[in-house]
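> please work out how this folds:
(one chain, ligands or ions: 1)
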Amino acid sequence: MQSTPIANRKHIALIGNANSGKSTLFNRLLGQELAITSEKKGTTTDPITKAMELSPYGPVAIIDTAGLSDDTELGVKRMEKTNAIVSRADLLLYVADISDFDAHSYEVARLDSQKKKSAFLLLFNKCDLVDKETVLSFKEKYPDALFISKKDDKTIDSLKEAIIVELEKITDTNDSIIGNLLDENSTVLLVIPIDIAAPKGRLILPQVQLIRDCLDNNIKCTIVKENQIEDALKELPKVDLVVTDSQIFKSVDRLVPQQIPLTSFSMLLANKNGGIRTFINGARAIDNLPNGAKILMAEACTHNVTHEDIGREKIPHWLKSFTGKDFEYRYAVSHDFPENLSEYDLVIHCGGCMINQMAILTRLNICENAGIPITNYGVVIAYINGILDRCSTIFY
Ligand code: SF4
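Okay, the predicted model is just below:
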């Protein structure tokens, strides 16, 4: 279970003012001492993310963050990191010290979570340090809150149960890449190029995820390299879908008869994460970009050695050939996705295989609120090859 990628885990972030006991709760939830705890304010500097099995729910990622109330110069930098975490959290646990409750900070965090559509729980911590009347008065005012004491195991168990209830509310009942697109016993042909860009001795995450998803959904999958497509199509009695790496879209499109739907790994992933239609519309905005338009290329992680040239060289080169225009490119790597996009005309996102669904949805929201079209690498490649309609049919 520990091998479930972080991107596939629901993200739970502990937030709240400094010294409210977030790190202690983080350690208690994990059942180990990972975060340093201290009575001194601001002990947690950088966010700490840890994968854990939350039984009986399943794999989650839990994140401890720096305090929200530190307004020193360093504190502001920590806050930026905390905000980046908050933007990709599925569930926010706002931890308040019951003897030092900052109602304003809580209200700001609660409203922010509503805006970002994250689930939210208020935890009053350190309840063992105040009298019963104080706890009762907070219970009356905040009936949905949880009341925690690190010394009382029952309160930690109740917290775990409450987390599971919240996660189950937001867990997609059909959290599948392909199971909601094809029937059981369908047949999929996966085209995986084994070229110099392929990592030695292994497949990349989206390929592994799709193979597993086919097995989970009783969908048969045959895996071939580009030069084996024609033979495979002759040998297989029927093929319901061909999925290819988008970098070889054009040649695969020529080899696969038009009546067989075709798409890419990254388009399937975008569909699972809820962004495919936005990405398809975003690609159509390319036609209206003026010469000199500014494009933000968003690479969601730094582990892109297998395709480092796609966003930096290939797509800029293909877009120039396709439009005949020169564009200006900026790059946002890892979690540094700008909140303010006003200077951009288009955002082109990578496949996003290493970030969770909430992080993708937050980015889509930022673009939508700013009125900036967003698309992704795979969709752009399909568009400039003139096959976007064909590669999108499976999603409509
Ligand atoms: S597609 Fe994006 S998230 Fe996935 S490995 Fe490449 S840069 Fe990282």
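
> what about the closest residue to the ligand within the stretch 151-300 of the chain, how many neighbours?
Per C-beta to the nearest ligand atom, A300 is where the stretch 151-300 of the chain lies closest to the ligand, at 3.8 Å. All C-beta atoms are positioned from the backbone trio N, CA, C, and that covers glycine. Using other C-beta atoms under 10 Å, the number of residues around A300 comes to 23.

> list the contacts for it?
Going by C-beta atoms under 8 Å, 6 or more residues apart in numbering, A300 touches S334, H335, H349, C350, G352, C353, M354, I355, A359.

> now, which of those lie within strands?
Among the contacts of A300, the subset assigned to strands under DSSP state E consists of H349.

> could you list which of the contacts of A300 also contact the ligand?
Within the set of those, contact with the ligand (C-beta under 6 Å from any ligand atom) is found for C350, G352, C353, M354, I355.

> next up, phi/psi of the first one, please.
Per-residue torsions, C350: phi -70, psi -180 (degrees, to the nearest 10).

> check the gap between it and T187 for me.
29 Å (C-beta to C-beta, to the nearest Å).

> those two: who's more crowded?
Neighbour totals were compared for C350 and T187, and C350 leads with 21 against 16 (other C-beta under 10 Å).

> I figured the more buried one hits R312, correct?
No. At 11.1 Å, C350 does not count as touching R312 under the criterion of C-beta atoms under 8 Å.

> can I get the buried part of the contacts of A300 as one PyMOL selection?
Burial among the contacts of A300 is assessed by 16 or more other C-beta atoms under 10 Å; the matching PyMOL selection reads:
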select buried, resi 335+349+350+352+353+354+355+359
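
> flag the least confident of the contacts of A300.
Taken together, the contacts of A300 show their lowest pLDDT at H335, with 73.

> if I pick that one, what's in contact with it?
A84, R88, A300, A359.

> phi, psi for it please.
Geometry field for H335 lists phi and psi as phi -90, psi 10, criterion degrees, to the nearest 10.

> check A18 too.
Note on A18: backbone dihedrals following degrees, to the nearest 10 are phi -60, psi 140.

> that one and the ligand, how far apart?
For A18, the distance to the ligand equals 32 Å [C-beta to the nearest ligand atom, to the nearest Å].

> ok, now K132?
50 Å.

> contacts only, for the closest residue to V256 other than its chain neighbours.
Distances taken as C-beta to C-beta, 6 or more residues apart in numbering put V242 closest to V256, at 4.9 Å, once the chain neighbours are dropped. Contact analysis of V242 by C-beta under 8 Å, 6+ apart lists V188, L189, L190, V191, I229, V252, V256, I260, P261, L262, T263.

> PyMOL command for the buried members of the residues you listed?
Provided next is the PyMOL selection string for whichever of these are buried by 16+ other C-beta under 10 Å:
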select buried, resi 188+189+190+191+229+252+256+261+262+263
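
> from the contacts of V242, which land in strands?
Counting by DSSP E, the contacts of V242 place V188, L189, L190, V191, L262, T263 in strands.

> for the third one, which non-adjacent residue is spatially closest?
What it means is L190. Leaving aside its sequence neighbours, L190 sits nearest to I223 (C-beta to C-beta, 6+ apart; 4.7 Å).

> host element of that neighbour?
strand 220-224 (DSSP states H and E).

> buried set for that strand?
For strand 220-224, by 16+ other C-beta under 10 Å, it's C221, T222, I223, V224.

> also stretch 181-201?
Of the residues in stretch 181-201, those buried (16+ other C-beta under 10 Å) are L181, L182, S186, T187, V188, L189, L190, V191, I192, P193, A198.

> so for N288, what's the pLDDT?
N288 carries a pLDDT value of 94.

> nearest to L146, of the ones in strands among the contacts of V242?
Nearest to L146 among the ones in strands among the contacts of V242 is T263, at 43.7 Å by C-beta to C-beta.

> so that closest one is in contact with D240, correct?
No. The pair T263 / D240 is not scored as a contact, 11.5 Å apart, by C-beta under 8 Å.

> ok, L159 - contacts?
Under the criterion of C-beta under 8 Å, 6+ apart, the contact list for L159 reads L25, L29, L93, L123, L146, I148.
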